[in-house]
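Q: just coords:
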């Protein structure tokens, strides 16, 4: 089974949001960007359930030019090998030091690359509780690239329990 390109709705436990924030904020306290992924299962062609937040191996950079974070290929391989059967990386979340936006570096960082992949940028190194309405939530559309979802689309497509 693969992740269907037709996913339109994600159910996310509130505990996954708080776990994600803690995993991201730990590095943010040091002034570094961080990445976590949401792992879960596909319910049907349009719905998925997020089960857990995981922080893959990563390298964070900070210089006069700014911050960045990357997941090296070997860390990505380890993450994929560690996934339980029928579980997938459904979304990538990472932090920025300022307002959330999907940067050019984010556009080329293909931790996930399937059509419909979700990339969420969390502002201010995750210092505040993680609320999707305060993030930049983006969807990968092959042929177009990463497209930021509107607040109404985020509200319709993500249910936090």
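A: Received the coordinates, thanks. Bear in mind that the values here come from a model prediction, so they are computed numbers and not experimental data.
Q: I'd guessed residue 34 sits against residue 24; true?
A: Yes: if you go by C-beta atoms under 8 Å, residue 34 and residue 24 touch, sitting 4.7 Å apart. Glycine gets a C-beta too; all of them are placed from N, C-alpha and C.
Q: what touches both of the two?
A: 94, 95, 125, 126 (C-beta atoms under 8 Å, 6 or more residues apart in numbering).
Q: pull the distance from stretch 76-84 to the chain's centre.
A: Distance of stretch 76-84 from its chain centroid, counting by C-alpha atoms, centre = their mean, to the nearest Å, is 16 Å.
Q: what do you get for stretch 24-41?
A: 9 Å.
Q: ok, of the shared contacts of residue 34 and residue 24, which one's closest to residue 62?
A: Among these, residue 125 lies closest to residue 62 (C-beta to C-beta), at 11.3 Å.
Q: which non-adjacent residue is nearest the closest one?
A: Spatial nearest neighbour of residue 125, chain neighbours left out: residue 28 (2.6 Å); criterion: C-beta to C-beta, 6 or more residues apart in numbering.
Q: can I assume residue 155 is in contact with residue 133?
A: Yes: between residue 155 and residue 133 there is a contact under C-beta under 8 Å: 7.4 Å.
Q: higher neighbour count, the two?
A: More neighbours surround residue 155 than the other of residue 155 and residue 133, with 12 against 9 (other C-beta atoms under 10 Å).
Q: secondary structure element for the more buried one, which one?
A: Per DSSP states H and E: residue 155 is located in helix 151-157.
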